[in-house]
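**Student:** Please work out how this folds:
(one chain, ligands or ions: 1)
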Amino acid sequence: MPIKGTDVAKKLPQKKGCKDCGFPTCFAFAMKLSSGGATVDKCPYLSAEIRAELEDALAPPIRLVTVGSGESALKIGNEEVIYRHEKTFVHSPGIAVLISDKEDEEGIEAKIAKMKELQFERVGLTLRADLFALKFESGEKARYLALVKKVCDAGDVGIILISEDLGALFAVRDICAGQNPLLYPITKDNLEQAIPLIKQSPTPVGVKAESIEGLIPLTSRLKEEGIEELVLDPGSRNFLEVLRDQTLIRRAALKQSFRPLGYPTIVFPSAVGSRRISRESRVKSQESRGVGLQTPDSGLRTPDSGLSTIDYHGLKEILTASMCVIKFAGIIVLPDLDKHALLPLLVQRLNIYTDPRMPLAIGQGIYEVGQPSEEAPVLVTSNWSLTYFLVSSATEESKVHSFVCVKDTEGLGVVTSWGAGKFSGDSVGAFIKKSGIEQRVNHRKLVIPGKVARIRGELEEALPGWEIVVGPREAGELPGFLPAFARSLT
Ligand code: SF4
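**Tutor:** Numbering: from 1, shown residues only. So this is what the prediction gives:
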C-alpha cells in the first residue's frame, strides 16, 4: 500500500518557514509526495538514509520499465490496481513478434513487412504491434548479428534480444544500444556474469526462473546492484500456470507491497502448453469422445470450426495472449503476426487499457472532412470519439466535403450530453459563435443530429441569422442526406 502523507510528514525535517521545496510547509510537501506530485529530491535537508527510505516507500508498487527509445518507446508497469474497475490500468502490454535467426530470409522479410503493414485505425488511434523479439538459435553469431542489424535498420519499433549465450547477447546489444533493447534471459546461471555487463551500459533486462520463488533471489540481487529495469518471466509451463503466476505476481506487488516481484512481466504464449499431442493420440481421444473429423491430409478438424490442427495451436496461442492482456502481462511475444488474430487482440488491449472513468474524447473544434469550400455543409456533434468517427466516416462516405463542428461534451454522446445539459441549444449556440465557422462558410445553415431535434428552437434563438436543419437520427443515414443538402447550398 502506498505510504500516507501523514507518515511521510513524520520523516521530514519540519523546518519552519523554509519553503525551499517550493511548498509552504513540510506537511504540504509530504501530501504532494504521497500523491506522486513531487519528488523527494526537492527537499535538500534530508539525510541520505531518510531520502533512500522515502524513495523506496514512495516508489510505485510495480516499477515503470521502458523498452525502446524515442517515439517507439514502450512503457510498461506502474500499475496500481488488480481490477480495472478499481481505477484504471495504466500501461498496456507490448505485443512483440518473434524472429529466430534460423528462419530463412524470406520469412524474416515477411515478418518485418507485416509489422509495417498491420496497423489499424480505430477511434483516432493507430493500433499495431510494438516490438521485435530477436532470438539467437542458429549458433552462428554472425547470422544473429546480421538479423539484429537488419531489424534495427528496418523498424521504428522496440527490440527484445533473446539469447542463452551471454556473449552473443551483449555483443548485439552494442549494435542497438541507442534503441534501449530488452535483454533476455538473465537466469541464476548467468546472473553474476551479466551484472557488470548490464552496469556498463544500463538497459532493461528480462529475468527468467523456473518459478515465482526462483525469481525472488534474482531480482533482489539485481536491485542490490542498482539494476531495476526488470521484466519477469516465472517460467509458467501451461495456460493455468500463466494465469496463476501472473495473478500471484500482481497481487504480491500490490497487496503485499512485495518489492522483489514489483516489476512487469513477459509471456511467450507459444512456449506455454507447447506439448504437441501426436496425431494418433488426438484422433483416438476425439474418437472416444465422438467428435472430430479425420481428413487424409490436413489432420484433425474440429467438428464446427473446420480449423486445421495448425490453426488450432495458433488459436491456443492467441487465447493465451488474450488472457495475458487481461491478466497482467507486460509484454506478450507472439510467434508471428496474423491480421485475423492481431486485430482482435489489439482491440481487446485498447478496451481493457482505456480509462473507464474517462470516455474516449476528441478535442473541441472544427474538423474538415475532405476539402470543404465556403459552400460546404456544416454539421455539429458531440466530442465522444465514437460519435465523431461515426459522423466523419459517414460524411466521408457521402463524398460531400464538409465541416464537422465538435462541441466539448466531456466525452459524452449526443443524447447523453443533451440529457446532461451539455448539448443544449444555448451551449451549442455559444460554441458555434466562438468556433470561427462563420468566417469559413458563406451560408448560415447548421445541421444538428436528428436525435436532438428538440434543441432546434432554442438554438435558433441563440444563433440569430442561422437556419437550423434537423439531420438524420443516425450517422449511417448521412450518405443519403448530405448530397441533396449540399446541392441546396449552392
Ligand atoms: S525543503 Fe524540506 S524542510 Fe524545507 S519546507 Fe520543504 S520539506 Fe520542509
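**Student:** Could you measure from Ser488 over to Ser373?
**Tutor:** Remark: distance between Ser488 and Ser373 (Cβ to Cβ, to the nearest Å) = 15 Å. Glycine gets a C-beta too; all of them are placed from N, C-alpha and C.
**Student:** ok, those two, which is more surrounded?
**Tutor:** Comparing Ser488 with Ser373 by neighbour count (other Cβ atoms under 10 Å), the higher total belongs to Ser373, at 13 against 10.
**Student:** so the more buried one sits right up against His401, yeah?
**Tutor:** Yes. Judged on Cβ atoms under 8 Å, Ser373 makes contact with His401 at a distance of 6.8 Å.
**Student:** Now do the contacts for the residue nearest the centre of the chain.
**Tutor:** Centroid-nearest residue in the chain, with Cα atoms, centre = their mean: Ser92, separated by 3.2 Å. Counting by Cβ atoms under 8 Å, 6 or more residues apart in numbering, Ser92 makes contact with 325, 349-350, 352-353.
**Student:** now with 6 Å?
**Tutor:** 349, 353 (Cβ atoms under 6 Å, 6 or more residues apart in numbering).
**Student:** Next, it: secondary structure please.
**Tutor:** coil (DSSP: H, G, I helix; E, B strand; the rest coil).
**Student:** Could you pull up phi and psi at it?
**Tutor:** Dihedral angles of Ser92 (phi, psi; degrees, to the nearest 10) stand at phi -70, psi 150.
**Student:** swap in Thr416?
**Tutor:** Note on Thr416: its backbone torsions stand at phi -60, psi -40 [degrees, to the nearest 10].
**Student:** Check what pLDDT it gets.
**Tutor:** The model reports Thr416 with a pLDDT of 95.
**Student:** What sits closest to Lys407 if chain neighbours are left out?
**Tutor:** Distances taken as Cβ to Cβ, 6 or more residues apart in numbering place Phe431 nearest to Lys407, at 4.6 Å, with adjacent residues excluded.
**Student:** ok, that neighbour to Gly465 distance?
**Tutor:** According to Cβ to Cβ, Phe431 stands 16 Å off from Gly465.
**Student:** So if I had to pick from those two, which one is more boxed in?
**Tutor:** A count of neighbours by other Cβ under 10 Å puts Phe431 above the other of Phe431 and Gly465, at 20 against 7.
**Student:** What's opposite Ile331 in the beta bridge?
**Tutor:** As for beta bridges, Ile331 partners with Gly94, Ile266 under DSSP bridges.
**Student:** Count the residues that sit near it.
**Tutor:** If we define neighbours as other Cβ under 10 Å, then Ile331 has 28 of them.
**Student:** which regions of the protein lie under the pLDDT threshold?
**Tutor:** Low-confidence segments of the chain (pLDDT under 70): 1-2, 155, 273-313.
**Student:** what does it put close to the ligand?
**Tutor:** By Cβ under 6 Å from any ligand atom, the residues of the chain that approach the ligand are 12-13, 15, 18-21, 23, 26, 29, 43, 45.
**Student:** Now, those residues that are in helices?
**Tutor:** The helices, defined by DSSP state H, take in 26, 29 from the residues of the chain next to the ligand.
**Student:** okay if I get the residues of the chain next to the ligand as JSON lines plus neighbour count?
**Tutor:** Listed next are these as JSON lines, based on neighbours: other Cβ atoms under 10 Å:
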{"residue": "Leu12", "neighbour count": "21"}
{"residue": "Pro13", "neighbour count": "13"}
{"residue": "Lys15", "neighbour count": "13"}
{"residue": "Cys18", "neighbour count": "17"}
{"residue": "Lys19", "neighbour count": "13"}
{"residue": "Asp20", "neighbour count": "11"}
{"residue": "Cys21", "neighbour count": "23"}
{"residue": "Phe23", "neighbour count": "18"}
{"residue": "Cys26", "neighbour count": "22"}
{"residue": "Phe29", "neighbour count": "25"}
{"residue": "Cys43", "neighbour count": "24"}
{"residue": "Tyr45", "neighbour count": "14"}
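**Student:** So what touches stretch 41-53?
**Tutor:** Stretch 41-53 has contacts (Cβ under 6 Å, 6+ apart) with 11, 13, 21, 40.
**Student:** Max pairwise distance over the residues you listed: which two?
**Tutor:** Using Cβ to Cβ, the pair of those lying farthest apart is Lys11 and Cys21, separated by 13.4 Å.
**Student:** before we move on, the earlier item: need the CA coordinates for the helix or strand hosting the residue nearest to Lys407. CSV is fine.
**Tutor:** Per DSSP states H and E: Phe431 is located in helix 425-435. What follows is helix 425-435, C-alpha atoms only, in CSV (Å, rounded to 0.1, in the frame of the first residue of the first chain):
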residue,chain,number,x,y,z
GLY,A,425,-29.4,24.9,-27.7
ASP,A,426,-27.8,27.7,-25.7
SER,A,427,-24.4,25.9,-25.2
VAL,A,428,-24.3,24.7,-28.9
GLY,A,429,-25.1,28.3,-30.0
ALA,A,430,-22.3,29.7,-27.8
PHE,A,431,-19.9,27.2,-29.2
ILE,A,432,-20.8,27.8,-32.8
LYS,A,433,-20.4,31.6,-32.4
LYS,A,434,-16.9,31.1,-30.8
SER,A,435,-15.8,28.4,-33.2
